[in-house]
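Peer 1: Let me see the structure of the following:
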Amino acid sequence: MGFDESALARLRRYREDADRSLELVHEAEAATRQFSERLFAGLEYNAVLARQAGFDVENEGSARAFTLRAIAAPGTEARVSFGLAGGAAAETDEDLMHEELSRYDLDPSGYSGRVLGWTEAAGEDPCQTFAVYRDGVWKTKGLFVAKARGKVDDPNDVLNGFCLRILGRLVDLASLTGGVGRRWSGEPYSLPDHLGGRAFPAELRFPR
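Peer 2: Residues are numbered from 1 along each chain as shown. Below is the predicted model:
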């Protein structure tokens, strides 16, 4: 076999491997998009119910992001925003790893996509992380839900119940119920701070 024939045979194998890897990555990304759509829809559904129950809850969303805002009283509120992270990658967090993956694996067959949540009460870093796999399994951990798992195609009542847990936690943050509370911080606070209108620093604490 000449060089051209040998090179073509090798390149065709490369092409097959590339197609397979890209297909696996796209499947993980598609499952993550599907999950984010259902998550956002479930949060919106529960926001409607919350308003019917007398809560002041606002929501806004798009295909890639969704924000939920609970207002306990004027000037007292909590907000959480969820966003669809682009792409897929090998999962490194053992708490979020697919049950069928016994170790960290770089192969795209084990890739997960991610949906992330942020709340100002917890700082700038994500406070909730969802890992979604190509077979539809999702796992999460964070502030709003310590640990949970499910399937993208779970019945609406199951996913809506999960979203209700998130909304309930948001109400806890807004109204300091459910074991959520504040304590005075040891952060320096001077007379110029006070005269300048800076609020005395307090830290938000969550039940363990």
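
Peer 1: can we go C-alpha only for contacts and neighbour counts from here?
Peer 2: Noted.

Peer 1: remind me, longest strand of this structure?
Peer 2: Of all the segments of type strand in the chain, defined by DSSP state E, the longest one is strand 76-90.

Peer 1: Give me the mean pLDDT for that strand.
Peer 2: Model confidence over strand 76-90 averages 92 on the pLDDT scale.

Peer 1: which outside residues touch it?
Peer 2: Counting contacts by C-alpha atoms under 8 Å, 6 or more residues apart in numbering, the residues outside strand 76-90 that touch it are 25, 28-29, 32-33, 36, 64-71, 104-108, 110-121, 170-171, 173-175.

Peer 1: Now that we have those, which of them are buried?
Peer 2: 25, 28-29, 32-33, 36, 65-71, 108, 110-119, 170-171, 173-175 (16 or more other C-alpha atoms under 10 Å).

Peer 1: Secondary structure class of residue 68, three-state.
Peer 2: Going by DSSP: H, G, I helix; E, B strand; the rest coil, the secondary structure assigned to residue 68 is strand.

Peer 1: cool, and the one 3 residues further on?
Peer 2: In terms of secondary structure, residue 71 is strand; the call rests on three-state DSSP.

Peer 1: Contact partners for it?
Peer 2: 55-57, 77-78, 171, 174.

Peer 1: So which of those belong to helices?
Peer 2: Where the contacts of residue 71 overlap with helices, as defined by DSSP state H, the overlap consists of 171, 174.

Peer 1: just the helices in this structure please.
Peer 2: Using DSSP H, the helices found in the chain span residues 3-52, 156-175, 191-195.
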